[in-house]
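> with the sequence up front, the predicted model follows.
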Amino acid sequence: MQRLYDFIRRHPTGVDSFWAVFLLGLSGVSIVAGQYGGGREAALAVPVTLGLCTVVALRRRAPEKMLLLAVAMGLVQLAVDVRPGIADFALLVITYTVATVGERWASRLALACSLVAAGISQLRWPEGAQEHWAQAVFVVIVMTVPFVLAWVLGDSMRTRRAYFDQLEERAARLEREREAQSKVAVAAERARIARELHDVVAHNVSVMVVQADGAAYVMDAAPDQARQALETISSTGRQALAEMRRLLGVLRTGDAPESGEYVPQPDVGQIEDLIEQVRQTGLAVDFKVEGTARPLPSGVELTAYRIVQEALTNTRKHGGPDAGASVRLVYFDDGLGLLVEDDGRGAAHELYEDGGADGAGHGMIGMRERVGMVGGTLDAGPRPGGGFRISALLPLKPGH
């Protein structure tokens, strides 16, 4: 049965043609049986019947044109005195069709013709009317009702199809929006992981390079210092690997966990350890905390840690051999303030101009993105009198 339904849906014109041939056969039988008498009326009924059967065959391929053809056949019947017959069932079919799938003007025309067709038929062939006028009116109403019902049913089908089309379009739009949101979320997660990897690699590798250079320089003259530098390189490398495992673990959600421990996400409490590690590389750092320390949102704590980490890494890269730095954390009632300054040469202008938009200052771009994600503000640039300054204000609640 399902195959039959599928065939009917795939071949609508073929199905309509079958019913047109069936209607033509019935009409032919009625003509031969003498419904139209003989002679001229029977001869004129043949082309009218063929035209109305054509309306049924092509009703879904060209509904508006078939409606006009049906109206034309009705006018021909009135003009040449061919009384209504079985073939006029096509008028009922085309009325339903244009009300369902036709243009609005065609639907209105079909309704108008449905309302007046029975009355005109009674006036044209009064011998078919009843003796009393009330009986004639009753006949007109009875003949009109099927056409009106066909039009109402077709218009209801049109409304229902439009409703389902809207539902399908809405579902498709929601699916596209969901896919777009998924892509945005994936891009944001990739950007976050890229920032984390940059911070981990840039800071830890920078420390390891500085310590390695120092160890090579004092290897013969001060073996104890060289040994200490190698220990710092080892601990820094292990810390970098642990942080990278944590980041890669995010990408491997659902896979079997790797052996080894994952370090927790950095927070404000680890800034002092970070500064101590930087001091071991030979960079003098002054660290102060103002205000009353209190728990902060995890996003704010991670952002603060990464800003200090990136700022001190840039000081080692661009500040020169004798540079010193200072870090200030200020707890406000509604946020956390950061101020990182150094007295070195300062970074090249293109690294911070327009947020490092030229592609050279990836760390600056990462800092601005981190601060923007928590709704904060960041200022970076050369300090009056030499050196470089980075200041940030991180609110306790994300901005809108």
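Yep, it's here. Residues are numbered from 1 along each chain as shown.

> let me see the ranges of the helices in this protein.
Remark: helices assigned in the chain by DSSP state H are 2-10, 12-32, 40-57, 63-80, 89-101, 104-124, 133-218, 223-251, 271-280, 298-318, 349-352, 362-373.

> and residue 341, which of these is closest to it?
Among the helices of the chain, helix 298-318 comes nearest to residue 341, with 8.8 Å by CB to CB. Just so you know, the C-beta spots here come from the backbone N, C-alpha and C atoms, and that holds for glycine as well.

> residues near residue 320, how many?
14 (other CB atoms under 10 Å).

> just checking, it touches residue 344?
Yes. Between residue 320 and residue 344 a contact is recorded at 4.5 Å, counting by CB atoms under 8 Å.

> ok, of the helices of the chain, where does mean pLDDT dip lowest?
Note on the helices of the chain: helix 349-352 shows the lowest mean pLDDT, a mean of 50.

> which residues touch the closest residue to residue 286 other than its chain neighbours?
In space, and not counting its chain neighbours, residue 286 is closest to residue 326: 4.2 Å by CB to CB, 6 or more residues apart in numbering. Contacts for residue 326 (CB atoms under 8 Å, 6 or more residues apart in numbering) come out as 285-288, 339-342.

> what's the most distant pair in the residues you listed?
288 and 342 (15.1 Å).

> more neighbours: which of these two?
Shown here are residue 288 and residue 342; by other CB under 10 Å, residue 342 has more neighbours (29 against 10).

> what's the spacing between that one and residue 204?
From residue 342 over to residue 204 the distance is 20 Å, taken as CB to CB, to the nearest Å.

> and what of residue 223?
As for residue 223, its distance to residue 204 is 25 Å (criterion: CB to CB).

> burial of the residue nearest to residue 16 when sequence neighbours are not counted, as a residue count?
Take residue 16 and drop its neighbours on the chain: the residue closest to it by CB to CB, 6+ apart is residue 57, 5.3 Å away. If you count neighbours by other CB under 10 Å, residue 57 ends up with 21.

> so who does residue 57 touch?
Counted by CB under 8 Å, 6+ apart, residue 57 has contacts 13, 16-17, 19-20.

> from those residues, pick the one nearest residue 92.
For the contacts of residue 57, the nearest to residue 92 is residue 19 (12.3 Å; CB to CB).

> roughly how far out does stretch 137-148 sit from the chain middle?
In terms of CA atoms, centre = their mean, to the nearest Å, the centre of stretch 137-148 is set 52 Å apart from its chain centre.

> cool, stretch 373-386 as well?
That offset, for stretch 373-386, works out to 36 Å (CA atoms, centre = their mean).

> try stretch 299-306
On CA atoms, centre = their mean, the centre of stretch 299-306 falls 31 Å from that of its chain.

> list the buried residues for it?
By 16 or more other CB atoms under 10 Å, the buried positions in stretch 299-306 come out as 300-306.

> hmm, back to that, so residue 223 and residue 204 - more neighbours on which side?
residue 204 (23 against 11).

> isn't that one up against residue 241?
No. Using CB under 8 Å as the test, residue 204 is too far from residue 241 to be in contact (9.0 Å).

> tell me the contacts of residue 312?
203, 274-275, 278, 283, 285, 325, 327, 340.

> from the residues you listed, pick the one nearest residue 47.
Closest approach to residue 47 among the contacts of residue 312 (CB to CB): residue 203, at 93.2 Å.

> look up how far residue 317 lies from the residue most central in space within the chain.
Geometric centre of the chain, nearest residue: residue 177, 1.6 Å, by CA atoms, centre = their mean. Distance, residue 177 to residue 317, by CB to CB: 43 Å.

> next, the buried residues of stretch 228-245.
By neighbour count with 16+ other CB under 10 Å, stretch 228-245 contains the buried residues 228-229, 232-233, 235-236, 239-240, 243-245.

> CA atoms only for it - export them in PDB, please.
What follows is stretch 228-245, C-alpha atoms only, in PDB (Å, rounded to 0.1, in the frame of the first residue of the first chain):
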ATOM      1  CA  GLN A 228      70.500  24.900  40.200                       C
ATOM      2  CA  ALA A 229      69.700  26.200  36.700                       C
ATOM      3  CA  LEU A 230      69.300  22.700  35.400                       C
ATOM      4  CA  GLU A 231      67.000  21.900  38.300                       C
ATOM      5  CA  THR A 232      64.900  24.900  37.400                       C
ATOM      6  CA  ILE A 233      64.800  23.800  33.800                       C
ATOM      7  CA  SER A 234      63.600  20.300  34.900                       C
ATOM      8  CA  SER A 235      60.900  21.600  37.100                       C
ATOM      9  CA  THR A 236      59.700  24.200  34.600                       C
ATOM     10  CA  GLY A 237      59.600  21.500  31.900                       C
ATOM     11  CA  ARG A 238      57.500  19.200  34.100                       C
ATOM     12  CA  GLN A 239      55.200  22.100  34.900                       C
ATOM     13  CA  ALA A 240      54.800  22.900  31.200                       C
ATOM     14  CA  LEU A 241      54.100  19.200  30.400                       C
ATOM     15  CA  ALA A 242      51.500  19.000  33.200                       C
ATOM     16  CA  GLU A 243      49.700  22.100  31.900                       C
ATOM     17  CA  MET A 244      49.800  20.800  28.300                       C
ATOM     18  CA  ARG A 245      48.300  17.500  29.500                       C
END
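
> doesn't residue 237 make contact with residue 205?
No. Counting by CB under 8 Å, residue 237 is not a contact partner of residue 205; they are 9.0 Å apart.

> what does stretch 386-395 rub up against?
Against stretch 386-395 from outside (CB under 8 Å, 6+ apart): 300, 303-304, 307, 311, 314-315, 318-319, 323, 334-347, 367, 371, 374-383.

> switch the cut-off to 6 Å
300, 303, 307, 311, 335-344, 346-347, 371, 374-380, 383 (CB atoms under 6 Å, 6 or more residues apart in numbering).
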